[in-house]
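Q: what would the 3D arrangement of this be:
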Amino acid sequence: MRLKNSQPEHLSGTRLLRRKPDSAGIITVTVVVRSASSGKSREKAVRQISSLSPHQRKHLGGDEFVRRHGARKKDLALIENFAKRKGLRVVESNRARRCVVLSGTLDAFSKAFRVDFTMHTHRGFAYRSHRNGIYISPELDGVVDAVFGLENRALMSHHAFVHVADRSRHMDPEEVAKAYHFPAKSNGKGQRIAIVELGGGFYESDIKSYFQNLKLTVPKITTVQIDGQRNDPASPDLIKKILDAMGATNAKAKPSIDSVDASKALWTIEASLDIELAGAFANGAEIVVYFAPNNAQGKYNALTSALHNTQYPPTIISCSWGAVEANLDPDFVRSLDQVFQDAALLGVTVAFSSGDSGDDPDNCGQPRVHFPASSPNVISCGGTHWISHEEEFHEVVWNEQLPARVARSGGGVSSVFSTPEWQASAGVEAKTGKKGRGVPDVAGKADMAAGYGMIVGGYSVTMGGTSSVVPLWAGLIARMNQELGKNTGYLTSFLYQHDCVDLFMDITEGNNGNHYRAEPGWDACTGLGTPNGEKLLSILTRTSRNK
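A: The predicted structure follows:
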């Protein structure tokens, strides 16, 4: 039986290499197994959650979740028996994560799934793929949802920016928190923010220096390796080189840099930004950083491992990586969206950045959006540009000319997900001319004109982008959770209720490309707007008291 949607699709500019991957090489593959519940029943459960105020929700515990929505034991056993027959080793069999992780040689996997492995290169990165689709044994038909790991193509890009270090001033996270009226008496104590990184790493010395400079406590940070990916920051010399090349320092000459080296340095910058800002906006929260390979298997394993980690159970999952929907396999998108549904049922908030390419048109000029931000089961975070005048400021859509390119708040309408019931009143179709899930939901400061002063590889740099908005919202939610004494969980649907309109500063100036502009109410540039944390907490508290 051929697994549906298992034919690899290669990006434009990809080249097939003559060499073949080593057939004796050992790899791991993640087989995603169907849920014990049907898709319709799971969607119904999420709709029920979204129809209630956060205080009214009864989130599932781990054991109850496994019983209702985890993988069936008999389905896992079918995969395990299949692996044994094919000479593959079972590394992990997990009902909560709904997967079986297998290990073996490429030759064994080639025979087990009837794939002919190939090697390709795209933008300097070589990766393994295969011809045709993936075939499974007849008894696994309907049991297997997806197979990740036979191909290891890089999927996601980060949404962080670095700019010149000699700005007249840097923005302190506490300034931003005060402007957005974060609950002043809380710091996220008792909360745990899981941050997913797809490469790179961070230096403990950078983290220590950053928080010392802000006169804040260094938060507790734990790292978790996924699929062998560890905290592996680029060398300070390489970071300096990429900063020089990007014009982020005062270096007179701009060196050339290999794309692979550049990516590692940029991934390190991304990881450092995520950790430093999350820790600044919620200084009392614990941070758990999951390092995973930048491919479908790594992303799935990282998100499911974070969500179901019984040693470090998260209250919020934050990730600033994404990719254009059309560039991702349907099975991957569907599998991750189910993970985000799981998070809603478990009471875990999931936040993603909407991207830094505005409406991100394709070669024909048609606008596109990024996933996972386009999932209706996450909070999608866009960006604004602060314009300050003396003690006051106002915000417009982030649309900023930087030395290398124009950076804009990502937004638009999904071509994969339909308009959620709770977004129906936002006027997505009327404002965009397209039907579908509107992106983003919310926004926050992302500009570089007075960006955040961060420390990476020992260097002080100015950073921003929609990557900076995700830890901002993660920090706000952590502080609200602390005040409420419980998880808000799936917050996105609640934010679109009519009594929440006044919770946002509505952004009505600017655009993010040729297709979308800011306007009253929701728009495809900054969503509902930027937050007023105290008002949001007040509504959450009031509804809780009125239950």
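Q: okay, now the unreliable bits of the stretch 251-400 of the chain?
A: Scanning the stretch 251-400 of the chain for pLDDT under 70 picks out 251-254, 390-391.
Q: number of nearby residues for Arg85?
A: Number of residues near Arg85 (other CB atoms under 10 Å) recorded here: 10. For glycine as for every other residue, the C-beta is placed from the backbone atoms N, C-alpha and C.
Q: what does Leu60 give?
A: Neighbour tally, Leu60, other CB under 10 Å: 19.
Q: and the longest helix for this structure?
A: Longest helix of the chain, by residue count under DSSP state H: helix 259-281.
Q: distance from the chain centre to the next helix or strand after that helix, please.
A: Toward the C-terminus, helix 259-281 is succeeded by strand 286-291 as the next helix or strand (DSSP states H and E). Chain-centre distance of strand 286-291: 13 Å, with CA atoms, centre = their mean, to the nearest Å.
Q: same deal with stretch 478-493?
A: Mean-position distance between stretch 478-493 and its chain equals 19 Å (CA atoms, centre = their mean).
Q: tell me the mean pLDDT for it?
A: For stretch 478-493, the mean pLDDT works out to 95.
Q: can you get me the start-to-end distance on it?
A: In stretch 478-493, first residue to last residue: 18 Å (CA to CA, to the nearest Å).
Q: how about stretch 43-60?
A: Using CA to CA, one end of stretch 43-60 lies 15 Å from the other.
Q: can you give me the buried ones in it?
A: Across stretch 43-60, burial judged by 16 or more other CB atoms under 10 Å covers 45-46, 49-50, 53-55, 57, 59-60.
Q: and this protein, what are its domains?
A: Split into domains by automatic domain parsing, the chain comes to 15-34+71-148, 157-545.
Q: Lys40: which of these is closest?
A: domain 157-545 (11.8 Å; CB to CB).
Q: hmm, back to that, how about JSON lines for the buried residues of stretch 43-60, with pLDDT, distance to Ala126 and secondary structure added?
A: Formatted as JSON lines, the buried residues of stretch 43-60 follow (pLDDT from 0 to 100; distance: CB to CB, whole Å; DSSP: H, G, I helix; E, B strand; the rest coil):
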{"residue": "Ala45", "pLDDT": "94", "distance to Ala126": "42", "secondary structure": "helix"}
{"residue": "Val46", "pLDDT": "93", "distance to Ala126": "39", "secondary structure": "helix"}
{"residue": "Ile49", "pLDDT": "89", "distance to Ala126": "43", "secondary structure": "helix"}
{"residue": "Ser50", "pLDDT": "86", "distance to Ala126": "43", "secondary structure": "helix"}
{"residue": "Ser53", "pLDDT": "83", "distance to Ala126": "50", "secondary structure": "coil"}
{"residue": "Pro54", "pLDDT": "83", "distance to Ala126": "46", "secondary structure": "helix"}
{"residue": "His55", "pLDDT": "80", "distance to Ala126": "51", "secondary structure": "helix"}
{"residue": "Arg57", "pLDDT": "88", "distance to Ala126": "46", "secondary structure": "coil"}
{"residue": "His59", "pLDDT": "94", "distance to Ala126": "43", "secondary structure": "coil"}
{"residue": "Leu60", "pLDDT": "94", "distance to Ala126": "42", "secondary structure": "coil"}
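Q: out of those, which comes closest to Thr315?
A: In terms of CB to CB, no member of those lies closer to Thr315 than His59, at 10.8 Å.
Q: is that closest one in contact with Tyr490, as I believe?
A: No: counting by CB atoms under 8 Å, His59 sits too far from Tyr490 to count as a contact (9.0 Å).
Q: before we move on, the earlier item: just the domains of the chain: most buried one?
A: Mean neighbour count (mean count of other CB atoms under 10 Å) peaks for domain 157-545 among the domains of the chain, with a mean of 21.
Q: tell me how far that one lies from the chain's centre.
A: 8 Å.
Q: for the residue nearest to Gly464 when sequence neighbours are not counted, phi and psi?
A: Here the nearest residue to Gly464 in space, its sequence neighbours aside, is Gly451; by CB to CB, 6 or more residues apart in numbering that works out to 4.0 Å. The phi/psi pair for Gly451 (degrees, to the nearest 10) reads phi -80, psi -180.
Q: hang on, Gly451 packs against Pro173?
A: No: if you go by CB under 8 Å, Gly451 and Pro173 don't touch, sitting 11.2 Å apart.
Q: can you map out the helices along the chain?
A: With DSSP H as the criterion, the chain has helices at 39-50, 62-69, 73-85, 106-113, 173-179, 204-213, 236-245, 259-281, 296-307, 330-346, 428-432, 469-484, 492-495, 533-545.
Q: which of those sits closest to Asn512?
A: Using CB to CB as the measure, helix 428-432 is the one of the helices of the chain that comes nearest Asn512, at 11.7 Å.
Q: is it correct that Tyr490 is in contact with Ser50?
A: Yes: using CB under 8 Å, Tyr490 makes contact with Ser50 at a distance of 6.2 Å.
Q: any shared contact partners between the two?
A: Common contact partners of Tyr490 and Ser50 (CB atoms under 8 Å, 6 or more residues apart in numbering): Ala344.
Q: pLDDT score for the residue at the greatest distance from the centre of the chain?
A: The outermost residue of the chain, judged against the average C-alpha position, is Arg85 (37.0 Å), by CA atoms, centre = their mean. With respect to pLDDT, Arg85 has a value of 97.
Q: Lys111 versus that one, what's the distance?
A: The gap separating Arg85 from Lys111 is 11 Å, by CB to CB, to the nearest Å.
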